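1. Sequence first, predicted coordinates after that:
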Amino acid sequence: MSAIIEARTDSNAEALEWELRRDMAAVFRVAAREGWNEQIGNHNSLMLPGKGPPRFLINPRGYLFQELRASDLIICDLDGRVLQGKGELRKVAFHIHARIHLLNPNAACVVHVHPRWLTALSLLRDAELHLSHHNNLLLNDRIVYDHEGDEPVHHNEEGDRIARALGDKSVMVMRGHGVTVVGPNVHDAFDECFIAERTAMYQMTAMSTGQPLHSLPDRLRRKHLGAWGEKIDARLHLDAWRRVLDREEPDYAK
């Protein structure tokens, strides 16, 4: 258990942080419903706004996604110290999340999960999302495929390599591992991960028939590398899930 090293006093900052905690807790609960997480593994993190040294919210070691509440999330610095909250930061989470936050300033939110269909895609040799579904017209230019991550992430050098490989993309399909999705806020990262996973499900299902995949015209690509929410109703999607959770799992917001 960690002591509170840093406490926040500004009431407006506290109110904003609490709302961000609820958004994050909602993402954990929805991810659990969708089967994205690996037992008590996988992590989602969010840089907190405000003055002072950079800090991020993340789930502590040892919790299932389905049991996490807003108050359970811990606050860490980019050196991996727990500044606020109970619990510890898992080392693999630090090496992935802190390094991406440090080297990719636009990656305010990092969702790292092992959802069924994107993870299955990552296990196939040379497989990528095809330009078949309308979702691919927006998604495909935003994805990078990491072919070098054969080792588990046990040190900062590997985290730095992942962050550099991600570059200006928002989705990384990690070969033999899972997926990392980044965004400027919680709802963009969540929604893009959600749609990428659904799109992978469509493709893997179609591939299972043994029939060739249809190819959409390349000229229809959206070629958008900006915020996901500029094109998709990401905020409305997360708000809808929060209404469901308010009715069915209201403890997420505590």
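-> That came in fine, so what should we check first? Numbering: from 1, shown residues only.

2. CA only for contacts and neighbour counts going forward, please
-> Will do.

3. Quick one: the strands in the stretch 101-250 of the chain, in order.
-> 109-113, 143-146, 171-174, 178-183 (DSSP state E, counting those that start in this stretch).

4. if we compare the ones you listed, which one ends up closest to residue 253?
-> Nearest to residue 253 among those is strand 109-113 (18.7 Å), distances taken as Cα to Cα.

5. Report the mean confidence score over the closest one.
-> Strand 109-113 shows a mean pLDDT of 98.

6. Give me the packing partners of it, helices and strands only.
-> Judged by 3 or more Cα pairs under 8 Å, 6 or more residues apart in numbering; DSSP states H and E, strand 109-113 is in contact with strand 43-47, strand 178-183, helix 186-207.

7. could I get those as a markdown table with mean pLDDT and distance to residue 235?
-> Shown next, in a markdown table, are the helices and strands packed on strand 109-113 (pLDDT from 0 to 100; distance: least, Cα to Cα, whole Å):
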| stretch | mean pLDDT | distance to residue 235 |
| --- | --- | --- |
| strand 43-47 | 98 | 16 |
| strand 178-183 | 97 | 12 |
| helix 186-207 | 98 | 5 |
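
8. Mean neighbour count and distance to residue 250 for these - can I get that in CSV?
-> Formatted as CSV, those follow (neighbours: other Cα atoms under 10 Å; distance: least, Cα to Cα, whole Å):
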stretch, mean neighbour count, distance to residue 250
strand 43-47, 26, 20
strand 178-183, 26, 26
helix 186-207, 20, 19
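
9. okay if I get these as JSON lines plus distance to residue 95?
-> JSON lines is the format used below for those (distance: least, Cα to Cα, whole Å):
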{"stretch": "strand 43-47", "distance to residue 95": "11"}
{"stretch": "strand 178-183", "distance to residue 95": "13"}
{"stretch": "helix 186-207", "distance to residue 95": "19"}
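
10. Nearest to residue 58, out of those?
-> Smallest distance to residue 58 across the helices and strands packed on strand 109-113 (Cα to Cα): 4.4 Å, for strand 43-47.

11. Name the residues that touch the closest one?
-> 24, 28, 54-59, 93, 97, 101, 108-113, 185-186 (Cα atoms under 8 Å, 6 or more residues apart in numbering).

12. so which of the strands of the stretch 101-250 of the chain gets nearest residue 241?
-> Proximity to residue 241 (Cα to Cα) singles out strand 109-113 among those, at 16.9 Å.

13. what lines up beside the closest one in the sheet?
-> strand 43-47 (antiparallel), strand 178-183 (antiparallel) (DSSP bridges).

14. Just the CA atoms from the last one would do, formatted as PDB, please.
-> Backbone C-alpha positions of strand 178-183 (Å, rounded to 0.1, in the frame of the first residue of the first chain) are rendered in PDB as follows:
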ATOM      1  CA  GLY A 178      -2.800  -7.500 -28.200                       C
ATOM      2  CA  VAL A 179      -3.600  -3.900 -29.000                       C
ATOM      3  CA  THR A 180      -2.700  -0.400 -27.800                       C
ATOM      4  CA  VAL A 181      -5.000   2.500 -28.700                       C
ATOM      5  CA  VAL A 182      -4.200   6.200 -27.800                       C
ATOM      6  CA  GLY A 183      -6.200   9.300 -28.000                       C
END
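
15. Please renumber the chain so that the first residue is 581 from this point on.
-> Okay, residue one is now 581; in that scheme the one you just asked about reads as strand 758-763.

16. Determine how far stretch 668-683 lies from the middle of the whole chain.
-> 13 Å (Cα atoms, centre = their mean, to the nearest Å).

17. Let me see the residues that make contact with that stretch.
-> By Cα under 8 Å, 6+ apart, the residues outside stretch 668-683 that reach it are 581-582, 622-623, 625, 627, 638-641, 656, 658-662, 687-688, 690, 733-736, 738-740, 742-744.
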